[in-house]
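Asker: Please work out how this folds:
(chains A and B)
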Amino acid sequence: MEGDIGSIGAGLVYGLGAIGPGIGIGFLVGKAIEAMARQPEAAGMVRTTMFLGIAFVEALALFGFVLSFIV
Amino acid sequence: MTPMLAAVEWGGEWHIPEPSELFEWPAFWWSADWNLFGVPLYVNRVVMLTFLAVLIAAALFLVAFRAPRVVPSKLQSFAESIVEFIREQIAIQVIGADGVKWVPFLTTIFMFVWINNLFEVVPGINFPPTSRMALPAFLSVMVYITFLFMGIKAQGFASYFKNLAFPPGVPWPIYILYTPIELISVLVVRPLTLAVRLFANMMAGHIILTMIFITIHAFLYLRPELPIGLVALVAAPLLIGFELVVGILQAYIFTILTAVYIGGALHPEH
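Answerer: Below you'll find the model as predicted:
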């Protein structure tokens, strides 16, 4: 594999694309754990919603992953 | 001279494998020239592993529930715990009371994805078929068709897309922002991310495991004076454990998202 500018771009696309979702998932899971600790009887509902939220936030990182193949 | 690692099926001397050698397998000789209108349909290791996953899942449930007893055997209680988990934690929790009739569909998806993911760490197989895009893409297209069909069936064609794009009780200027985002999110992003999430996780896991195994091989056999091989030897079981967790987590997320999409199609108010 030659080191051209495209591979640097692909790396940047994925790396930069992962920053936002990384922060977002950190916040999301932290808040979910906080909610579960405050109200353990709602843990099932919180967990379901947490995974749903993670799926939406993660979509942005996955865009970066797909685009890094295209770039 | 030294133990063989990946890429044995490609033959030749030992070398650090190219990424394509980790994921592309040659066709079995008896199926090399099978095709359908010019599209190659050859059978390789990945196809056989997929069928093996179906066989294992079917055999597990058939044997476990062949003669069900009130006091379950170990196998029956294991299979029951899977079904109960899907029923209580996913179907009823996400879809609602009418989610019970989706339990067979969700259980099938969960077991199929989970066993395919497990192949990543099974000694002698060491390859997850879900790390080839074909399998997640197929599953995702199936889920996509299912939830669109159920939405149209439950609400009618016009009102399903009307509820999707223009939900009631929203002031109309919001629609300028909301409608395009929601349409793209539901019709394009949902199937795409469902497939790519599973694919990317399993592909990354497979590459990481292969790299750690290659590191062990290369440094223990070729450069034994460096401690890197020993470090990798200690790290490898931890990574295998991590990949076990990732495998079941991805199967769970795939199933719960399937349930969320179907539930959203059945009940427009969500």
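Asker: B:Val260 contacts A:Leu52, correct?
Answerer: Yes - here B:Val260 reaches A:Leu52: they are 5.8 Å apart, a contact under C-beta atoms under 8 Å. Where you see a C-beta, it was placed from the backbone N, CA and C, and this is true even at glycine.
Asker: who has more neighbours, these two?
Answerer: B:Val260 (21 against 16; other C-beta atoms under 10 Å in any protein chain shown).
Asker: Who are the contact partners of the more buried one?
Answerer: By C-beta atoms under 8 Å, 6 or more residues apart in numbering or on different chains, the contact set of B:Val260 is A:52, B:94.
Asker: for chain B, what are the nearby residues on chain A?
Answerer: A:44-45, A:48, A:51-52, A:54-55, A:58-59, A:62, A:65-66 (C-beta under 8 Å from any C-beta of the partner chain).
Asker: now, which of the residues you listed sits nearest B:Thr193?
Answerer: Ranked by distance to B:Thr193 (C-beta to C-beta), the residues of chain A next to chain B are led by A:Ala59 at 4.3 Å.
Asker: what's the helix or strand for that closest one?
Answerer: Assigned by DSSP states H and E, A:Ala59 belongs to helix A:43-70.
Asker: Counting by contacts, list what that helix packs against.
Answerer: With contacts taken as 3 or more C-beta pairs under 8 Å, 6 or more residues apart in numbering or on different chains; DSSP states H and E, helix A:43-70 sits against helix A:5-38, helix B:190-217, helix B:228-266.
Asker: Which residues in the first one does the neighbour count mark as buried?
Answerer: Counting neighbours by 16 or more other C-beta atoms under 10 Å in any protein chain shown, one finds that the buried residues in helix A:5-38 are A:10, A:13-14, A:17-18, A:21, A:24-25, A:28, A:32, A:35-36.
Asker: And that helix, how far out from the chain middle?
Answerer: Here helix A:5-38 is found 4 Å from its chain centre; the criterion is C-alpha atoms, centre = their mean, to the nearest Å.
Asker: Equivalent analysis for the second one, please.
Answerer: Relative to the centre of its chain, helix B:190-217 is centred 11 Å away, using C-alpha atoms, centre = their mean.
Asker: Show me the shaky parts of the stretch 151-270 of chain B.
Answerer: Applying pLDDT under 70 to the stretch 151-270 of chain B flags the ranges B:269-270.
Asker: Would you map the helices across chain B?
Answerer: Using DSSP state H, the helices of chain B run over B:19-23, B:45-64, B:74-85, B:103-118, B:134-155, B:157-165, B:174-184, B:190-217, B:228-266.
Asker: can I get those helices in a markdown table with distance to B:Ala32?
Answerer: A markdown table is the format used below for the helices of chain B (distance: least, C-beta to C-beta, whole Å):
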| stretch | distance to B:Ala32 |
| --- | --- |
| helix B:19-23 | 18 |
| helix B:45-64 | 13 |
| helix B:74-85 | 38 |
| helix B:103-118 | 24 |
| helix B:134-155 | 18 |
| helix B:157-165 | 45 |
| helix B:174-184 | 41 |
| helix B:190-217 | 25 |
| helix B:228-266 | 31 |
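Asker: for the ones you listed, which one sits closest to A:Val71?
Answerer: The nearest among the helices of chain B, by C-beta to C-beta, is helix B:190-217 at 15.6 Å.
Asker: Is there contact, residue-wise, from the closest one to chain A?
Answerer: Yes - Helix B:190-217 reaches chain A (C-beta under 8 Å from any C-beta) through B:192-193, B:196-197, B:200.
Asker: PyMOL command for the buried members of those residues?
Answerer: Those of the residues of helix B:190-217 next to chain A that count as buried under 16+ other C-beta under 10 Å are selected in PyMOL with:
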select buried, chain B and resi 192+193+196+197+200
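Asker: Among the residues of helix B:190-217 next to chain A, which pair sits farthest apart?
Answerer: The largest separation in the residues of helix B:190-217 next to chain A, counting by C-beta to C-beta, is between B:Leu192 and B:Ala200 at 11.5 Å.
Asker: Any regions of chain A where pLDDT drops low?
Answerer: Low-confidence segments of chain A (pLDDT under 70): A:1-3.
Asker: just the stretch 1-150 of chain B next, same as before
Answerer: Along the stretch 1-150 of chain B, the model assigns pLDDT under 70 to residues B:1-16.
Asker: Whatever residue of it ends up closest to chain A - how many residues pack around it?
Answerer: Residue nearest to chain A within the stretch 1-150 of chain B (C-beta to the nearest C-beta): B:Gln93, separated by 5.5 Å. As a burial measure, B:Gln93 scores 17 neighbours (other C-beta under 10 Å).
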